[in-house]
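*Asks:* Build me a model:
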Amino acid sequence: MHPMSILKDKLSVIDRVVPHGSKVVYLDIPLHLNVGDLLIYKGTEQFFKERNYQVLARRTDKSSLKYVEETKSLPEDVIILLHGGGNFGDLYVPHQRLREAVVKKFPRHKIVFLPQTLHFNDHNEMLKSGNIMRSHKNLTIFCRDVRSQKILQEHFCDDVELCPDMAHSLWGVFPQQNRAEIKRDTLWMIRKDIEGGKVSAEIQLPSPDKYEDWEDICTDKDRKKLKLLERTERVNKALSSGLIGTSSSWGTYTDGLVARVNDYFMSFDTVVTSRMHGHILCCLLGVKTKLLDNSYGKNSGYYEAWTKDVPECELISL
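*Replies:* Numbering: from 1, shown residues only. The predicted structure is shown next:
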């Protein structure tokens, strides 16, 4: 069996707490142009589709807290799912505050955090957040690496389980690169945000103006669409989180955006990246990839846990 098929199958650990056909609410959908988060989003929706979940509500990261605040009650059999990724901790505070708000608001519902990587700069913030989540009696946290698992089990929750990233649900859904159609040599996809690590001088990188990050690959049309939907979400936050169907419109639009990114990646022979999902996307598409670490070891941890056996993948030690 192909290593990517094995990784997709490993997502079935989620079935233990969210059985096929479950009624769910899906919160914290990424309304931004980090295509890595969009790949998690698309993988999550594919996972839902394959398991026939009944999704009663979807809310973006801009209106999820409003949904939590305005919801007076939910049927007892509804499971609350929060988007996975790498924002568990104090680097991206609004996402962590949303998790804490959900735990406080719904003490009797099953709550599931889809696969995450944890990082706190401030130990006291970690302890405070952990105390809030420890109070919930039916919380399950899936995580993407052993380091996160140990911290989560010690401070946040007893029910913590290792799981690959949700983007792996897209294996067999996305196309595979046809090497006869390769037009370019190397794509250098290097992080430009707060997780960007220092690259060793031994790595012969091109000049920074040759780097690309997710936003560079997106177009002005994508940015205009995002601004429009951000305005609709401001209306949803002011009135009702479900007044305008932002998540539906965004879902349809980003199907095309992701397809465009797939074509772009497949036009290169090799992708050198410090973006975890640049790496995962290459694995999904069958593109050669060389992975650099981010600022706190997220990428190397993921590679060692999951993708080291995928063909044409290499971790570049710094």
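
*Asks:* Would you mind listing the residues in contact with the most centrally placed residue in the chain?
*Replies:* For the chain, Gly85 is the residue whose C-alpha lies nearest the centre (CA atoms, centre = their mean; 3.2 Å). Taking CB atoms under 8 Å, 6 or more residues apart in numbering, we find Gly85 in contact with 30, 36-37, 40, 116-117. In short, each C-beta sits where N, CA and C put it, glycine included.

*Asks:* one more time with 10 Å, if that's ok
*Replies:* Gly85 is in contact with 28, 30, 34, 36-37, 39-41, 92, 95, 113-117, 144, 165-167, 276-277, counting by CB atoms under 10 Å, 6 or more residues apart in numbering.

*Asks:* Bridged to it, which residues?
*Replies:* Here Gly85 sits in beta bridges with Gln116, going by DSSP bridges.

*Asks:* where does the stretch 101-250 of the chain dip in pLDDT?
*Replies:* Scanning the stretch 101-250 of the chain for pLDDT under 70 picks out the ranges 193-204.

*Asks:* can you give me the helices in it?
*Replies:* 123-134, 146-155, 214-217, 220-238, 246-266 (DSSP state H, counting those that start in this stretch).

*Asks:* Which of the ones you listed sits closest to Arg51?
*Replies:* For Arg51, the closest of the helices of the stretch 101-250 of the chain is helix 246-266, at 17.6 Å, according to CB to CB.

*Asks:* Alpha carbons of the closest one, as CSV, please.
*Replies:* Taking only C-alpha atoms (Å, rounded to 0.1, in the frame of the first residue of the first chain), the coordinates of helix 246-266 have been written out as CSV:
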residue,chain,number,x,y,z
THR,A,246,-20.2,33.2,4.1
SER,A,247,-18.8,29.7,4.6
SER,A,248,-20.7,28.3,1.7
SER,A,249,-19.5,31.0,-0.7
TRP,A,250,-16.0,30.7,0.6
GLY,A,251,-16.1,26.9,0.2
THR,A,252,-17.1,27.2,-3.5
TYR,A,253,-14.5,29.9,-4.3
THR,A,254,-11.6,28.1,-2.6
ASP,A,255,-12.3,24.9,-4.5
GLY,A,256,-11.1,26.8,-7.6
LEU,A,257,-8.2,28.5,-5.7
VAL,A,258,-6.8,25.2,-4.5
ALA,A,259,-7.1,23.7,-7.9
ARG,A,260,-5.1,26.6,-9.3
VAL,A,261,-2.4,26.1,-6.6
ASN,A,262,-2.3,22.4,-7.4
ASP,A,263,-1.6,23.1,-11.1
TYR,A,264,1.2,25.6,-10.1
PHE,A,265,2.9,23.1,-7.8
MET,A,266,2.8,20.4,-10.5
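
*Asks:* Show me what the helix or strand that it is followed by is packed against.
*Replies:* Downstream of helix 246-266, the next assigned helix or strand under DSSP states H and E is strand 268-273. Other helices and strands packing on strand 268-273, by 3 or more CB pairs under 10 Å, 6 or more residues apart in numbering; DSSP states H and E, are strand 184-189, helix 246-266, helix 276-285, strand 288-291.

*Asks:* Ala57 should be in a helix, yeah?
*Replies:* No: according to DSSP: H, G, I helix; E, B strand; the rest coil, Ala57 belongs to no helix; its state is strand.

*Asks:* which residue sits closest to it, ignoring its sequence neighbours?
*Replies:* Nearest non-adjacent residue to Ala57, counting by CB to CB, 6 or more residues apart in numbering: Val25, 4.7 Å away.

*Asks:* Check which helix or strand that neighbour maps to.
*Replies:* Assigned by DSSP H and E, Val25 falls within strand 23-29.

*Asks:* Adjacent strands (with direction) for that strand?
*Replies:* Going by DSSP bridges, the partners of strand 23-29 are strand 54-60 (parallel), strand 78-82 (parallel).

*Asks:* Can I get those in TSV including distance to Val173 and mean pLDDT?
*Replies:* Shown next, in TSV, are these (distance: least, CB to CB, whole Å; pLDDT from 0 to 100):
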stretch	distance to Val173	mean pLDDT
strand 54-60	18	97
strand 78-82	20	98
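
*Asks:* Could you look over the ones you listed and pick the most buried one?
*Replies:* Compared across the strands paired with strand 23-29, strand 78-82 shows the largest average neighbour count, a mean of 22 (mean count of other CB atoms under 10 Å).

*Asks:* what distance separates that strand from the middle of the whole chain?
*Replies:* Chain-centre distance of strand 78-82: 16 Å, with CA atoms, centre = their mean, to the nearest Å.

*Asks:* Ok, which of the strands paired with strand 23-29 comes nearest Lys10?
*Replies:* Closest of the strands paired with strand 23-29 to Lys10 is strand 78-82, at 17.9 Å (criterion: CB to CB).

*Asks:* As CSV, could you dump the C-alpha coordinates of that closest one?
*Replies:* C-alpha atoms of strand 78-82 as CSV (Å, rounded to 0.1, in the frame of the first residue of the first chain):
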residue,chain,number,x,y,z
VAL,A,78,-24.4,17.2,18.4
ILE,A,79,-20.6,17.0,18.4
ILE,A,80,-18.7,20.3,18.2
LEU,A,81,-15.6,20.1,15.9
LEU,A,82,-12.9,22.7,15.8
